[in-house]
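Trainee: what follows is a predicted protein model with its sequence.
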Protein chains: 2
Amino acid sequence: MINKLIEKIKKTGAPVVVGLDPMLKFVPEHIKAKAYAEQGETLEGAAEAVWQFNKGIVDAVCDLIPAVKPQIAMYEQFGIPGLTAFKKTVDYCREKDLVVIGDVKRGDIGSTSEAYALAHLGRVQVGSKSYGAFDEDFITVNPYLGSDGVEPFIKVCREEKKGIFVLVKTSNPSSGEFQDRIIDGRPLYELVGEQVAAWGNECMGDGYSYVGAVVGATYPEQGKLLRRLMPKTFILVPGYGAQGGKGADLMHYFDEDGLGAIVNSSRGIIAAYKQEQYGKYGGEGYADASRAAVLAMREDIAQALAK
Amino acid sequence: MINKLIEKIKKTGAPVVVGLDPMLKFVPEHIKAKAYAEQGETLEGAAEAVWQFNKGIVDAVCDLIPAVKPQIAMYEQFGIPGLTAFKKTVDYCREKDLVVIGDVKRGDIGSTSEAYALAHLGRVQVGSKSYGAFDEDFITVNPYLGSDGVEPFIKVCREEKKGIFVLVKTSNPSSGEFQDRIIDGRPLYELVGEQVAAWGNECMGDGYSYVGAVVGATYPEQGKLLRRLMPKTFILVPGYGAQGGKGADLMHYFDEDGLGAIVNSSRGIIAAYKQEQYGKYGGEGYADASRAAVLAMREDIAQALAK
């Protein structure tokens, strides 16, 4: 799957992931009105609104991008109907040949991580049959529990030819509170990064490992250092756009061939119609606004990489 | 909710949580056969088996214990039907007046943690209505992202009078890989523990905070130290039984009044019928075996605390 991701990045010329994090406040009124008219102001109604919103965006941008990253929390808050919309979104994006990165940030002790790995990447056995429950292509994983909490994910990736991105240095303002603490003269995120590289060495695709890392766009100096520390690790970069990361900050996350990283934008794309520069599209044209925002983001990154 | 948890511990004399982590291999054959006959060897069939299994155990032990801790991964692996069984289990246990600790180990950047907090502890707004999606009493939270990833959970706890347990020192063999690394002369888990205590100071129930900590039974020396470092923090202690923790290891997790901690056992209780000492119950008597195991665990802990 890492090979497919890289092929699609080359084909689209866009190392861009669209984060499908559909907070209700991002969903245009006409979509909510229709969903609530059909299903009421219920969890089912919210889930229907979110699904229709996603579908419009995916249809509008799927030829431009290699991958999407649905954030499961935004669906989980709507309970079973919400998670059903998550699953529909995953399936629909895979039908459109997009690589699907489930942003689930799971991680637990070994036997529990194994269950999460089956839930999201593998197949669970029920009697003589087996089923893929959510069946994303990649997921994000939290490393706080150490190797035996991460290895069950890697095992399933190996079997299913899928991948993970392990949190190394996250994009949020307080990520340094623990991740930047100094251990033997080096910050914790470096140790985690080194461990991710070590896990990844055993899990190579053609040029990069299918054990990747998450490094926020909001910390470009750390990105530069981690790029060198993890030479075969693909980096998923959140925090572009709404969180403050800019194209110019991103060049050091990439290798000289323009590969090695993929940059996520969520609200900057899916709620583009709410920004002044895309205001002309209005709520009815939200998907076209998202398309325009993807094109602008692709250009912004291309310019940064051309320097 | 922390006050209710403590009242129930006093009433039952059992600082015991039963971990409802129903791997299919723990479910007796007669339950699986019936569920598969009704719903096929499908995710629905697996979910039905898990739910019936849980119900039997809850009915058999609910008068003995204050709380249960369903591990969501074991349900998530069965997709939407599995998560429906999780929700049914949560609701059923709350009907039985048990405190429900959702072992979900969520944690993300602020806006995403907010969605998880609403999903599991709060109420999500849909138009003019609001809904509690999973509606547990407590959940477990991963601290790797720092304060702004944890505070949204605390905010919802304050509003809803609920609580969280933050991972400090986990029970698994490789928990030390990052958690034990030395920072300014002290291991990371101490820094996290100190931060948990600081968060908790602003969130006090009558005697303890509703911001609790997870400290594994498998690390009794660390438990002793953390008990002193976090005097108002209630400690959720996994790792008793199957993972190797014993009653005698646990005394230092408690305060002198016998409060301050609650000990989880999962497979040691729910799969007791598979152990030699409870073998006489057989698969058909699995719930009675679980009851016997709860009584033995209560006694084991009481003896340790009497020393």
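Mentor: Yes, it's here.
Trainee: who's in contact with A:N3?
Mentor: A:G205, A:D206 (C-beta atoms under 8 Å, 6 or more residues apart in numbering or on different chains). Any C-beta I mention is one placed from the backbone N, CA and C, and that applies to glycine too.
Trainee: where's it, which helix or strand?
Mentor: Per DSSP states H and E: A:N3 is located in helix A:2-12.
Trainee: count of residues packed around the residue nearest to A:F53 when sequence neighbours are not counted?
Mentor: What sits nearest to A:F53 in space, not counting adjacent residues and going by C-beta to C-beta, 6 or more residues apart in numbering or on different chains, is A:V27, at 4.6 Å. Other residues within reach of A:V27, judged by other C-beta atoms under 10 Å in any protein chain shown, total 22.
Trainee: check contacts around A:V27.
Mentor: Counted by C-beta under 8 Å, 6+ apart, A:V27 has contacts A:A49, A:V50, A:F53.
Trainee: ok now the helix holding A:N3, how far from the chain's centre?
Mentor: Counting by C-alpha atoms, centre = their mean, to the nearest Å, helix A:2-12 is centred 15 Å from the centre of its parent chain.
Trainee: after it, which helix or strand is next?
Mentor: Following helix A:2-12 in sequence, per DSSP H and E, is strand A:16-20.
Trainee: please point out which parts of the helix or strand that that next one is followed by sit buried.
Mentor: With elements assigned by DSSP H and E, the helix or strand that comes after strand A:16-20 is helix A:29-39. For helix A:29-39, the neighbour count (16 or more other C-beta atoms under 10 Å in any protein chain shown) marks A:I31, A:K32, A:A35, A:Y36, A:Q39 as buried.
Trainee: and stretch A:288-307, by the same measure?
Mentor: For stretch A:288-307, by 16+ other C-beta under 10 Å, it's A:288-294, A:296-298, A:300-301, A:304-305.
Trainee: ok, now stretch A:80-89?
Mentor: A:I80, A:P81, A:G82, A:L83, A:T84, A:A85, A:F86, A:K87, A:K88, A:T89.
Trainee: ok, the closest residue to the last one other than its chain neighbours to A:D103 distance?
Mentor: Pointing back at A:T89 there. Leaving aside its chain neighbours, A:T89 sits nearest to A:N54 (4.9 Å; criterion: C-beta to C-beta, 6+ apart). The spacing between A:N54 and A:D103, counted by C-beta to C-beta, to the nearest Å, is 14 Å.
Trainee: now do the shared contacts for the two.
Mentor: Shared contacts of A:N54 and A:D103, counting by C-beta under 8 Å, 6+ apart, come down to A:P70.
Trainee: the helices in the stretch 101-250 of chain A, which residues?
Mentor: A:110-120, A:147-160, A:176-179, A:188-201, A:220-229 (DSSP state H, counting those that start in this stretch).
Trainee: of those, which stretch is the most buried?
Mentor: helix A:110-120 (a mean of 25; mean count of other C-beta atoms under 10 Å in any protein chain shown).
Trainee: so that one, near chain B or not?
Mentor: Yes. Contact of helix A:110-120 with chain B (C-beta under 8 Å from any C-beta of the partner chain) involves A:G110, A:S111, A:T112, A:S113, A:A115, A:Y116, A:L118, A:A119, A:H120.
Trainee: the inter-axis angle of that helix versus helix A:147-160?
Mentor: Angle between the axes of helix A:110-120 and helix A:147-160 is 30 degrees (criterion: axes from the mean of the first three to the mean of the last three C-alpha atoms, to 10 degrees).
Trainee: and helix A:110-120, what does it pack onto?
Mentor: strand A:99-106, helix A:147-160, helix B:73-76 (3 or more C-beta pairs under 8 Å, 6 or more residues apart in numbering or on different chains; DSSP states H and E).
Trainee: contact partners of that helix?
Mentor: Under C-beta under 8 Å, 6+ apart, the answer for helix A:110-120 is A:102, A:104, A:106-108, A:124, A:133-136, A:139, A:145, A:148-153, A:155-157, B:21, B:23, B:71, B:73-74, B:76-79, B:82, B:172.
Trainee: measure the nearest residue to A:S209 once chain neighbours are set aside to B:K55 for me?
Mentor: Residue nearest to A:S209 in three dimensions, not counting chain neighbours: A:G200, with 3.2 Å by C-beta to C-beta, 6+ apart. With the distance defined as C-beta to C-beta, A:G200 ends up 43 Å from B:K55.
Trainee: again, but for A:P22
Mentor: Taken as C-beta to C-beta, the span from A:P22 to B:K55 is 35 Å.
Trainee: A:T112 now?
Mentor: 22 Å.
Trainee: quick check, pLDDT for the nearest residue to A:A133 once chain neighbours are set aside.
Mentor: Distance criterion C-beta to C-beta, 6+ apart; nearest residue to A:A133, sequence neighbours excluded, is B:G79 at 3.3 Å. We have a pLDDT of 98 for B:G79.
Trainee: equivalent analysis for A:A306, please.
Mentor: 87.
Trainee: once you drop chain neighbours, what's closest to A:I72?
Mentor: A:V104 (4.8 Å).
Trainee: how about that neighbour, what does it touch?
Mentor: Contacts of A:V104 (C-beta under 8 Å, 6+ apart): A:I72, A:Y116, A:H120, A:E136, A:I139, A:T140.
Trainee: look up how far A:H120 lies from it.
Mentor: 6 Å.
Trainee: list the contacts of A:V294.
Mentor: A:V294 sits in contact with A:A14, A:V16, A:V18, A:V61, A:L64, A:I65, A:I269, where contact means C-beta under 8 Å, 6+ apart.
Trainee: repeat that with 7 Å
Mentor: Going by C-beta atoms under 7 Å, 6 or more residues apart in numbering or on different chains, A:V294 touches A:V16, A:V18, A:V61, A:L64, A:I65, A:I269.
Trainee: pLDDT at it, what is it?
Mentor: 98.
Trainee: what helix or strand does it sit in?
Mentor: helix A:286-306.
Trainee: ok, A:G241 to A:V294 distance?
Mentor: 11 Å.
Trainee: same deal with A:D148?
Mentor: Here A:D148 is placed at a distance of 39 Å from A:V294 (C-beta to C-beta).
Trainee: sorry, back to before: quick check, nearest of the contacts of A:V27 to chain B?
Mentor: A:A49 (8.7 Å; C-beta to the nearest C-beta).
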